[in-house]
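Trainee: based on what follows, work out the 3D shape:
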Amino acid sequence: MKKLLFTSIGMLMVFLSYANDYQHIELKEYIIINAPKESVITQQKSTTNYAISMPQIERLGIKSLKNLSLSIPNFYLPEYGSSITSSMYVRGIGSRMNEPAIGLYIDNVPSIQRSAFDMTLHDIYHFQFLPGPQGTLYGRNSIAGMMNVYTLSPLQYQGTRISGSYGSYNEYDVRVSHYAKLTNNLGLSVSTYGMHQDGYLTNIFRKEKNKSDDTGVRVKMEWKMKNNWQSMLFASYDFTNQNAYPYAQYDTLSHTVSPIQYNEKGAYKRNSLSSGLVIQQINDKYVFTSATGFQVLADQMDIDQDFTIDSMLVLTQHQLQKTITQEFVLRSNNISKWQGVTGLFLFGTINDINAPMMFQSGGIDMIQGFMDEAKANNPFMPTLSIVNKEMPVKGLFIKPSLGAALYHQSSYAITDKLSVTAGVRVDYEHTAIDYDSEATLETSIKLPSPFIPAFRVDSTYKITGYTDTDFFQVLPKFALHYKLNNNHTLYTSLAKGHKAGGYNYSMFSDIIQAQMQAYVDIDVDEKIYYKPEESWNVELGNKGILFNERYSYQLALFYIQNQNQQLSTTTSNGSRMVSNAELAESYGGELSFKGDITDKLLAFGSYGYTHSIFSKYNANGINYKGKTVPFAPQNTIYIGAEYRIPIAEEWLDQIVLSSYYTGIGGIYWNVENTLKEDYYGILNVDVSFAKNNTHIKFWVKNMLKDTYNTFYFESLGNSFIQQGKPISFGVSAKYIL
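Mentor: Here you go, the predicted model:
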């Protein structure tokens, strides 16, 4: 840790030593003029708010949400498994499966399919992250925060953008986009990309690397109509194909990592279509917005559940998920003391899942072992011998959800310095599951009597049913905002967040297996249900600008009480399920800054600290009170510096030297807190050359060759990890017409 941190600080000091000639560069807050839920005034009076603009996004080479999260304090989005995995943690709250903990809007349209969160982003104009519960304005599944992504507008920008990169592991990325005005009031943009990498982790048994291919296209049309009406229509298609799940066996005593070696295919393939229609009327009194979204996702996941060369358990999962959303928002758009926003949100989603589990010879031996153990404990029971060589377990599930929410939030300026914000949301959701799971166990039975020969019995275990439930939430918010002077403000807030509950579908093979062993009935509906998660967040913050607006900063302290926190736990056959921890709490702080040291030197950074523990959690007869919540990092650090060298040559305008350091950890891997990933840091450096609209960059990532792990789990008594990406080199180029 010290080596990486001192190296990064050292590079920053080198840049400082060469800096000269101060020139003022403005650091003003970014304002989204047509934001449906925030006016210019309420954006200026917002609480903690992290924003990244297009120039910074392009300098950092950000291509996905995982890249975006690196510069935001207490925001952790690790890269592991496959693109279906979108584990996000903010301030000790997160989600590894089922419902997301963070909301996502793209061009004012919500994206609620968690399986598609790990996506490639097109020409991001502005990114905004709101940490903490955002339940009042955004509702369900924004318990840890909210992401707003805005893409480039064809009415604001016209031209062609071409970029490409090539790096280690045969990794390349090609992007082309074109923006044009068809008329003075009608704009059209088309963007496309293609990406490939050979992979950097190898399954030595199958002789396969974790290679991946991604491609996609996005079309966007904007139209300024009469009477202050405007509309935006977009549609995007993305395809992903990966050799996935490069998990290596891990010795928890010696902390040694074995080579990746398992015999079944690990792969993920996804087709996703997303579209949206936003219609707005904007005048000097109000902004009315109607936003309609439609998304379809079809994917296939192939996974070796035991991750060994033994033939034990194989899962193949197909999803077909369809989602429609509709939101109406009316907000004030003036400079009066009162600012209000009122909205109605509707959604419906259905997920058809086909997830058969295959018990191979090793899995059959595992069930046979359980039966032999039962026989040893009860000599008078019959001797059961399994005849199956393999046993498929059918898994057909339909998971529909629909919901509605009505919300209002008002801000009022009590004085020129003091303003108050209060709001409430009434949120309703109905969710259900239709399940059909079946397996046939072929057995030879020998009774204790020597006079009765063994006989065969084929038993079919079938679980079918339907269950549903309703969730009703009231999500209030209260905030105070005090303007110390023109450059500094204080704020405090109290807000409630909510993450939907639901039903686990990945554990039906466990239920059938339990029925085979115990011959008892299980309350399936109760077994698969998990409760909704609720949180209260108290926050105190300060933000401002210093030294003639050359520097800006943001400081926040928070305390969170989390009820029924949703945790991802492992079942007996290696599948994962969501369970609840009764009560958890988190507290910590965040600091972010950016500054123009001179006209040539830019520095920026952030630090986040989170202490998150279980206040009340009992599972399997064990009390975990006081244990740290797993998978949530205690520290996040981000430090960056960019130094610009002007060049007065016909063939070159400038050279930019950049250094970026990211630090994460420690991270506990289990609720027992017996395994931990220590703090680690990654140093990236690059040098870029620019002439007019042509840019070429040479880069090195993880320059100090730090080794680290991004994920840990246990399956069938074994421990596994995924290692982080090693050092890589490459070159990128961009040309703007």
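
Trainee: what helix or strand is the residue nearest to Gly92 when sequence neighbours are not counted on?
Mentor: Spatial nearest neighbour of Gly92, excluding adjacent residues (C-beta to C-beta, 6 or more residues apart in numbering): Ser612 at 2.8 Å. Every C-beta, even on glycine, is put in place using the N, C-alpha and C of the backbone. Using DSSP states H and E, Ser612 maps to strand 601-616.

Trainee: assign a three-state SS to the residue of the chain positioned farthest from its centre, would you?
Mentor: Residue farthest from the centre of the chain, counting by C-alpha atoms, centre = their mean, is Phe451 at 63.2 Å. What DSSP: H, G, I helix; E, B strand; the rest coil gives for Phe451 is coil.

Trainee: need the per-residue pLDDT for it.
Mentor: Phe451 carries a pLDDT value of 82.

Trainee: picking that back up, number of residues surrounding the residue nearest to Gly92?
Mentor: By other C-beta atoms under 10 Å, 26 other residues sit near Ser612.

Trainee: for Gly362, same thing?
Mentor: 15.

Trainee: likewise for the one 10 residues further on?
Mentor: By other C-beta under 10 Å, 13 other residues sit near Asp372.

Trainee: local confidence estimate at the residue lying closest to Arg425 once chain neighbours are set aside?
Mentor: For Arg425, ignoring the flanking residues on the chain, the nearest one in space by C-beta to C-beta, 6+ apart is Tyr407 at 3.7 Å. According to the prediction, Tyr407 has pLDDT 97.

Trainee: within the helices and strands, which one has Tyr407?
Mentor: strand 391-413.

Trainee: buried set for that strand?
Mentor: Residues of strand 391-413 classed as buried: 391, 393-401, 403-405, 407-409, 411, 413 (neighbour count, 16 or more other C-beta atoms under 10 Å).

Trainee: check what contacts stretch 717-725 and list those residues.
Mentor: 79-81, 200-201, 246-252, 257, 306-308, 675, 680, 682, 701-702, 706-714 (C-beta atoms under 8 Å, 6 or more residues apart in numbering).

Trainee: mind listing which of these are in strands?
Mentor: Of the contacts of stretch 717-725, the ones assigned to strands by DSSP state E are 248-251, 257, 680, 682, 701, 709-714.

Trainee: His178: which of those residues is nearest?
Mentor: Lys701 (29.7 Å; C-beta to C-beta).

Trainee: do you know the pLDDT at that closest one?
Mentor: 96.

Trainee: same question, Leu737
Mentor: Reported pLDDT for Leu737: 87.

Trainee: my read is that Tyr661 contacts Gly640, right?
Mentor: Yes: taking contacts as C-beta atoms under 8 Å, Tyr661 lies within contact range of Gly640: 7.3 Å.

Trainee: start to end distance for stretch 447-463?
Mentor: 28 Å (C-alpha to C-alpha, to the nearest Å).

Trainee: before we move on, what about stretch 606-624?
Mentor: End-to-end for stretch 606-624, by C-alpha to C-alpha: 32 Å.

Trainee: would you map the helices across the chain?
Mentor: For the chain, applying DSSP state H gives helices covering 2-18, 40-44, 54-60, 65-68, 135-138, 361-377, 508-518, 524-528.

Trainee: with just CA atoms, put the fourth one into PDB.
Mentor: Backbone C-alpha positions of helix 65-68 (Å, rounded to 0.1, in the frame of the first residue of the first chain) are rendered in PDB as follows:
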ATOM      1  CA  LEU A  65     -20.100   2.000 -15.200                       C
ATOM      2  CA  LYS A  66     -17.300   0.000 -13.600                       C
ATOM      3  CA  ASN A  67     -14.800   2.500 -14.900                       C
ATOM      4  CA  LEU A  68     -17.000   5.400 -13.700                       C
END
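
Trainee: and the contacts of that helix?
Mentor: 52, 57, 60-62, 77-79, 86, 104, 117-119, 121, 127, 129, 147.

Trainee: lovely, talk soon.
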